[in-house]
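Engineer: Predicted model, plus sequence, below.
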Amino acid sequence: MKRRVVNVAEAKAHLPELIERAAGGEVIVLARAGRPRAKLVALEDPKKRLRVPGKGKGRFSPKRGFDDPLPDAVLQLFDRKQK
């Protein structure tokens, strides 16, 4: 992730360009008198964050024997009494 420090006066003159660069993934740090004051970053795309039910239907299948009975040694581990 690139990071660029820009003076506020320069940012005023080139704001549309800086917005496009931030939208492209660059982090723009706005500085006043050489001191960082704010950060210009891209917004998260809400469509990327949402999970859609059923989107992966048919794309995944369990391995053969997935629901076979467990071996006795494993079942005994579940039956042990907790101390």
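Structural biologist: Okay, I see it.
Engineer: Now do the same contact list for Pro16.
Structural biologist: Residues near Pro16 by CB atoms under 8 Å, 6 or more residues apart in numbering: none. Where C-beta positions appear, they are placed from N, C-alpha and C, glycine not excepted.
Engineer: And the pLDDT for it?
Structural biologist: Here the pLDDT value assigned to Pro16 is 95.
Engineer: Could you do Glu20 as well?
Structural biologist: At Glu20, pLDDT is 93.
Engineer: ranges for the helices of the protein?
Structural biologist: Using DSSP state H, the helices of the chain run over 8-13, 15-23, 46-49, 72-79.
Engineer: quick one: which of those helices is nearest Pro36?
Structural biologist: Taking CB to CB, helix 8-13 is the member of the helices of the chain nearest to Pro36, at 10.8 Å.
Engineer: Summarise which helices and strands that closest one is packed against.
Structural biologist: On a contact count with 3 or more CB pairs under 8 Å, 6 or more residues apart in numbering; DSSP states H and E, helix 8-13 meets strand 27-32.
Engineer: that older thread, which of the helices of the chain has the lowest average pLDDT?
Structural biologist: Looking at the helices of the chain, the bottom one is helix 46-49 with a mean of 66.
Engineer: quick one: pLDDT of the residue nearest to Asn7 when sequence neighbours are not counted?
Structural biologist: Closest residue to Asn7 in three dimensions, ignoring its sequence neighbours and counting by CB to CB, 6 or more residues apart in numbering: Ala31, at 5.7 Å. Note on Ala31: pLDDT of 95.
Engineer: For the remainder of this discussion, apply numbering that starts at 857.
Structural biologist: I'll keep to 857 as the first residue from here, and by that count the last item is Ala887.
Engineer: How about Ala887: which residues does it bridge to?
Structural biologist: Asn863, Pro892 (DSSP bridges).
Engineer: So it sits against Ala865, correct?
Structural biologist: No. Here Ala887 does not reach Ala865: they are 10.1 Å apart, not a contact under CB atoms under 8 Å.
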